[in-house]
Structures are given as structure tokens and as C-alpha cells.
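Undergrad: coords below, sequence missing:
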């Protein structure tokens, strides 16, 4: 945290190790310290809750399966960014789960992904589930079917990192596999910036007060508009 150097955030992936090791109850933890790392608190619950609540719109998953789905989508964290003008505003991205913003230092979260990502993912998942169970009684699909949804390419969006404009913290940039998105309202709305990219897959975007640079599969690009 630029205003409070003793405040840091960390993401942690849990993996079962060793023969017969029990799988972790949660694959992802989001941690926060306010004393320079001497003690840490787990603030993951808010991120899990927002994903589980959004997946309530799916008619195919029970509460336990929605929890598994949140685990799955959060298991690939890619960036954590603190708004330097307001330390309570924190962003987190996960490759398959999207972009999220907290306005209260990590206690509660809102989905801020472009293209209505989670809603599109849910609609596609439900369509696959319905097709799989057509003509079958008492059919269940489960959260594992999501891998089939990603494999089709119908939902082809992955999230790499967020970068904040230092001179205008409301303006943020999001690197994805389909290009760079820009938001002028902290992620409430997004616009895709792809003109000039030889390959839209962008691994990382970095913003300064006067320069925005994107690292792509085919080179390094500077935003000129």
C-alpha cells in the first residue's frame, strides 16, 4: 500500500502434496497484513461469496457445487493492485475468474469483468448442461462440466493484470488474451483497445502518468491515442 507500507496483500494457492494427501478445502487464499507481514488474515471469503452468489442464477448447481466453482475460477490468480489514491480500493484478477474490485480494503467484492464475463459463462454452462441432460431423468452435470465449456472456445477470455493510471486513478487498464481494455470509472464500464496489435493476446499492461505499454505475444506496444 503506497500510503501504508506495512499493509500488503498476497495470494496463495493450496495444493495437495504426497500420496493420499487430502485435497484442500479451498484452492485459493487471499491474505492481508497490516503489520509488515508479522501477522496475516485471510480475506478470501468476500471474493468467494461474490462468485457463489452470481452462480446462484444457474439452475444446475447446488450450494456445495457453487463453492467448488468459486474455488475453480479463483485458482489462477494473476494480479493484485491497490489504488494509490484510495487504499481501500483493491483489484484482483484471476485468469479464469475475471476481475474484481473491493472498495473496503478486501472485506467485500464486486465483479468488474468486461463483456459480462460471468453471466456469459453461466449462460453457456447452463446451455451445455441442458443439452447433456436432454431426454434423461434425474440428470446432474456438476461444476466439472465447466472444463468442457472452456474447451469449446465459446467463452474465450482470460485475465492477466490490471494497471492504474497514477495521474487519474479512475482510469485502469486490463490485459487479456483478446487485447487491452480501458475503463475510466474503475471497472464499471470497459472499452477494448486493439488497434495496432499484431496479436491481441496481451500478457501484461503497465500504465504511468504519460505512458501505457502492453507486452504482447508479438512484441511490446505503446498506446498512442
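TA: Structure received. Not measured: the values here are computed from a predicted model.

Undergrad: Need the residue closest to the centroid of this protein.
TA: When Cα atoms, centre = their mean is applied to the chain, the residue found nearest the centroid is residue 98 (2.8 Å).

Undergrad: Return the residues in contact with that one.
TA: 73, 111, 112, 113, 117, 118, 159 (Cβ atoms under 8 Å, 6 or more residues apart in numbering). C-beta: built from backbone N, CA, C; applies to glycine.

Undergrad: Tell me the spacing between it and residue 221.
TA: Distance of residue 98 to residue 221, computed by Cβ to Cβ, to the nearest Å: 23 Å.

Undergrad: What mean pLDDT does the longest helix along the chain get?
TA: Identified as the longest helix of the chain according to DSSP state H is helix 117-132. In this model, helix 117-132 has a mean pLDDT of 93.

Undergrad: C-terminal to it, what's the next element?
TA: Sequence order places helix 146-152 as the next helix or strand after helix 117-132, per DSSP states H and E.

Undergrad: Which residues does that next one contact?
TA: 69, 72, 96, 121, 124, 125, 128, 155.

Undergrad: ok, of these, which one's closest to residue 175?
TA: Within the contacts of helix 146-152, the smallest distance to residue 175 is 14.8 Å, found for residue 96 (Cβ to Cβ).

Undergrad: Kindly provide the distance from the residue lying closest to residue 122 once chain neighbours are set aside to residue 75.
TA: Distances taken as Cβ to Cβ, 6 or more residues apart in numbering put residue 58 closest to residue 122, at 5.0 Å, once the chain neighbours are dropped. For residue 58, the distance to residue 75 (Cβ to Cβ) stands at 19 Å.

Undergrad: Name the residues of the helix or strand bottoming out on mean pLDDT in the chain that are buried.
TA: Least confident element among the helices and strands of the chain, by mean pLDDT, DSSP states H and E: helix 146-152 (a mean of 85). Across helix 146-152, burial judged by 16 or more other Cβ atoms under 10 Å covers 146, 149, 150.

Undergrad: ditto for stretch 97-112
TA: 97, 98, 99, 100, 101, 102, 105, 106, 109, 111, 112.

Undergrad: need those in TSV with pLDDT, distance to residue 64 and secondary structure, can you?
TA: Below are those laid out as TSV (pLDDT from 0 to 100; distance: Cβ to Cβ, whole Å; DSSP: H, G, I helix; E, B strand; the rest coil):
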residue	pLDDT	distance to residue 64	secondary structure
97	94	18	coil
98	96	22	strand
99	97	26	strand
100	97	22	strand
101	97	27	strand
102	97	25	strand
105	94	29	coil
106	94	25	coil
109	96	21	coil
111	96	21	strand
112	97	27	coil
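
Undergrad: the strands in the chain, which residues?
TA: All strands of the chain, identified by DSSP state E, fall at 8-13, 28-33, 41-42, 77-82, 90-94, 98-102, 110-111, 159-164, 172-176, 179-183, 191-193, 202-207, 212-216, 219-222.

Undergrad: what residues are up against residue 188?
TA: Residue 188 touches residue 112, counting by Cβ under 8 Å, 6+ apart.

Undergrad: Now it, what are its backbone angles?
TA: phi -70, psi -40 (degrees, to the nearest 10).

Undergrad: Return the distance of residue 75 relative to residue 10.
TA: 15 Å.

Undergrad: returning to that earlier point: ok, the contacts of helix 146-152 vs residue 213, which is closest?
TA: residue 96 (25.1 Å).
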